[in-house]
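1. below is the sequence, then the predicted model.
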Amino acid sequence: MELRGRGAETTPMSLPSPFGRALCAMISPFTPSGALDLDGAQRLAAHLVAHGCDGLVLSGTTGESPTTTDAEKSALITAVREAVGDRASIVAGVGTPDTRHTVELARGAQKAGADGLLVVAPYYSRPPQDAVEAHFREVADATGIPVMLYDIPARTGTRVEPETILRLAEHPGIVAVKDCSYDFLAAQRILDRTDLAYYAGCDEHNLALYAVGGSGYVSTVANAVPDHLRAVLDAFDAGRTREAARLQQRATPLIEAIMSAGLPGAVTAKALLNALALPAGPVRPPLRPAAPATTRTLLSLHADLTAT
């Protein structure tokens, strides 16, 4: 399971980072008519990598995976790989509530050129933990590329319990976790007992999780400020911990506006990217675009953060 690009790093004060440290949960650009904009995706991916991202997560919730087709998901991986080459790892979101469909997406992602798979707990049906574990194992067995578990019970309705993660850590194909559980104690317990790479999935936890041995982040906010978020990790690794804290704190207003303003991150991230003249386009229904006032607030906070 050799990875390309700047993945599989070992940073001075963190565990090995199999997909890199600074991963962006990239939006999926659409044309004005709502079609997948592959040219825009290539331009955005190249921009993100040039500004500090060493990994891109495609077709996550921020990438509007519930409303993109299987063919679009594969085409997106192929296009982004062509744009970034080996300069960044590509992790493909393949999570669905159906194990068979998830396996199909996983195999398609491997064929399209993905370096890893992001697999969320099966949602809506709320399976018990033994079924959750079996789901992850079946997906991990289906391909030759490594898996990042995704624990986000607020969206799925099902927690990937710490004991389940500990058992899954024994599988050679399961190498990482994207943590949106808001259970910081559980994350530290698992870090202490396994070699899993732990990635913050909530931007407000980027530095905190990294400081206790996490591997980096998978960030929606990185769509808009990839270099600033990368600078937080760089400062921490250089031993400039106060500077790292200051940079993280400076990003808090924008993080809150993008992630905690009552709108999905795909909506707010796209609103800001469109205002910055970066590839984004509309969101697909049932999502609706951000109000003009929201966009103005996002743009103002972005200007405050990026002012020299």
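-> Nice, thanks for sending it over.

2. phi, psi of Glu58?
-> One thing to correct before we go on: residue 58 is Leu, not Glu. Note on Leu58: its backbone torsions stand at phi -100, psi 150 [degrees, to the nearest 10].

3. could you measure from Thr69 over to Phe136?
-> 24 Å (CB to CB, to the nearest Å). To be clear about C-beta, it is placed using only N, CA and C from the backbone, and glycine gets the same treatment.

4. meant to ask about His47
-> Using CB to CB, His47 is found at 33 Å from Phe136.

5. specify which residue of the two has the higher count of neighbours.
-> Set His47 next to Phe136 and count neighbours by other CB atoms under 10 Å: Phe136 wins out with 27 against 16.

6. name the SS class of the more buried one, please.
-> Reduced to three states with DSSP: H, G, I helix; E, B strand; the rest coil, the structure at Phe136 is helix.

7. against Glu133, how distant is the closest residue to it other than its chain neighbours?
-> Of all residues not flanking Phe136 in the chain, Leu168 sits nearest, at 5.6 Å (CB to CB, 6 or more residues apart in numbering). According to CB to CB, Leu168 and Glu133 sit 6 Å apart.

8. next one: Ile190
-> Ile190 is 15 Å from Glu133, by CB to CB.

9. and Thr268, by the same measure?
-> For Thr268, the distance to Glu133 - CB to CB - is 34 Å.

10. the two - which one has more neighbours?
-> Thr268 (27 against 19).

11. verify the contact between that one and Arg288 for me.
-> No. Using CB atoms under 8 Å, Thr268 makes no contact with Arg288, being 11.9 Å away.

12. and for the closest residue in space to Gly113 that isn't next to it in sequence, the neighbour number?
-> Closest residue to Gly113 apart from its sequence neighbours, by CB to CB, 6+ apart: Arg81 at 4.1 Å. The number of residues packed near Arg81 is 21, by other CB under 10 Å.

13. so which elements touch the helix or strand containing Arg81?
-> Assigning secondary structure by DSSP states H and E places Arg81 in helix 70-84. Other elements packing on helix 70-84 under the criterion 3 or more CB pairs under 8 Å, 6 or more residues apart in numbering; DSSP states H and E are helix 38-50, strand 55-58, strand 89-93, helix 99-112.

14. since that was my last question, I'll sign off now.
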